[in-house]
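Asker: model the following, please.
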Amino acid sequence: MSISVASLTKIYGTQRAVDNISFDLKKGEIVGFLGPNGAGKSTTMKMITGYLPPSGGTALVCGIDVTKDAMGVHKKIGYLPESNPLYYDMYVREYLGFTAGIHKLKDSSARIEEMISTTGLTKEAHKKIGALSKGYKQRVGIAQAMIHNPEVLILDEPTSGLDPNQIVEIRELISTLGKEKTVLLSTHIMQEVQAMCNRVIIISSGKLVADDAIERLKEVNTQGAIIVSFEQEPAGELFTELKYAAQYEQCGNATWKLLTDTPDELRKELMQWALRHDISINSIQKETQSLEEVFRTLTK
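Answerer: Residues are numbered from 1 along each chain as shown. Reported below is the predicted structural model:
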């Protein structure tokens, strides 16, 4: 596993900022890390990167324990914190050279030019960082996180404060990087998660409340609900013939929601029922929630 967290805990006085959470990330995964403000996301990321010592539990990065070999972990991780601390008086190449020096890269010039190209900084590389737009500052932050070619990327709110065009550009960049890396991505923007991630981890009040594929999570609290769309509006009383439908209600034009404990049986029964009454069915779908609705349900 690229990241393996087991019973990770962080306590400040009487507050359990992170409370006994566990999860694993494999190479090639881009995983959304979600939670309300104050849920413990940034604290968890700082413990995984070795910037904060855990109060309990373990965090391994590429098999290295962050509490036993923090420097070894730093070689494996590229970290973009939410604040994106940059030296505004330094030029882009100068700053990346400084970062490469920290990592003791041998052929730093070639790597710097590669990162400038990869992150789309070519036209801005001659400028001081302070003169760049927010979007290009974020690109510099990602470039410094990638300069030593780490196996794991931890990105905390990488698109915060960007305009729609910049968001799309950063999203495409992260998606490209995620093909070869493991990416843990913290954000409040659900569209970003759905565009880049197949899996999400959600924490609330320091506790893990979900860790699953997005599509499965969107079926939370809707199992047994089927949405049926008809060619023409059927007579409502006909639904009483459906023995596998516990409840039914109209939810749109020629569209009905049927509740059942046996969805597969109900589908078969619906097809026979429709043939019997000469009713045309356009579609039969499971009811799903939006990711935002799932998030609100799990973190209220």
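Asker: contacts and neighbour counts: CA atoms only from here.
Answerer: Will do.
Asker: which strand or helix spans the residue positioned nearest the centre of the chain?
Answerer: Centrality entry for the chain: nearest residue to the mean C-alpha point is residue 32, 1.3 Å, by CA atoms, centre = their mean. Under the criterion of DSSP states H and E, residue 32 resides in strand 30-34.
Asker: what sits up against that strand?
Answerer: Contacts of strand 30-34 from elsewhere in the structure, counted by CA atoms under 8 Å, 6 or more residues apart in numbering, are 25, 41, 175, 178, 182-188, 193, 196-203.
Asker: quick check on those: which are buried?
Answerer: 25, 41, 175, 178, 182-188, 193, 196-197, 199-203 (16 or more other CA atoms under 10 Å).
Asker: what about the residues you listed, which are in strands?
Answerer: Members of the buried ones among the contacts of strand 30-34 lying in strands (criterion: DSSP state E): 25, 182-186, 199-203.
Asker: of all these, which two lie farthest apart?
Answerer: 182 and 203 (19.5 Å; CA to CA).
Asker: how many neighbours does residue 106 have?
Answerer: 10 (other CA atoms under 10 Å).
Asker: next, it: phi, psi?
Answerer: Torsion angles at residue 106 (phi, psi; degrees, to the nearest 10) stand at phi -80, psi -50.
Asker: how close does it get to residue 94?
Answerer: Computed with CA to CA, to the nearest Å, the distance linking residue 106 and residue 94 is 16 Å.
Asker: what of residue 217?
Answerer: 45 Å.
Asker: just residue 148 next, same as before
Answerer: Applying CA to CA, the value for residue 148 to residue 94 is 16 Å.
Asker: next one: residue 202
Answerer: 38 Å.
Asker: so which residues of the stretch 51-200 of the chain form strands?
Answerer: Here the stretch 51-200 of the chain has its strands, by DSSP state E, counting those that start in this stretch, at 56-61, 64-65, 77-80, 152-156, 182-186, 199-204.
Asker: so can I have JSON lines of the ones you listed showing mean pLDDT?
Answerer: Listed next are these as JSON lines, based on pLDDT from 0 to 100:
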{"stretch": "strand 56-61", "mean pLDDT": "96"}
{"stretch": "strand 64-65", "mean pLDDT": "95"}
{"stretch": "strand 77-80", "mean pLDDT": "92"}
{"stretch": "strand 152-156", "mean pLDDT": "93"}
{"stretch": "strand 182-186", "mean pLDDT": "93"}
{"stretch": "strand 199-204", "mean pLDDT": "95"}
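Asker: can you add distance to residue 260 and give the ones you listed back as TSV?
Answerer: Formatted as TSV, those follow (distance: least, CA to CA, whole Å):
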stretch	distance to residue 260
strand 56-61	42
strand 64-65	48
strand 77-80	46
strand 152-156	41
strand 182-186	36
strand 199-204	27
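Asker: which one of those strands lies nearest to residue 11?
Answerer: That would be strand 56-61 among the strands of the stretch 51-200 of the chain, by CA to CA, at 8.6 Å.
Asker: need the contact list for residue 61.
Answerer: Residues counted as contacts of residue 61 (CA under 8 Å, 6+ apart) are 1-4, 48, 73, 76-77.
Asker: among these, who's most crowded?
Answerer: residue 48 (28 neighbours).
Asker: so, low pLDDT: which residues of the stretch 1-150 of the chain?
Answerer: When residues are selected by pLDDT under 70, none of them lie in the stretch 1-150 of the chain.
Asker: which residues does the closest residue to residue 24 other than its chain neighbours bridge with?
Answerer: Counting by CA to CA, 6 or more residues apart in numbering, the nearest residue to residue 24 once its immediate chain neighbours are dropped is residue 4, at 4.4 Å. Counting by DSSP bridges, residue 4 is bridged to residue 24, residue 60.
Asker: pretty sure residue 4 sits against residue 23.
Answerer: Yes. Taking CA atoms under 8 Å as the definition, residue 4 is a contact partner of residue 23 at 6.1 Å.
Asker: could you pull up the contacting residues of the residue nearest to residue 24?
Answerer: Contacts of residue 4 (CA under 8 Å, 6+ apart): 22-25, 59-61, 63.
Asker: buried only: go through these for me.
Answerer: The buried subset of those - by 16+ other CA under 10 Å - is 22, 25, 59-61.
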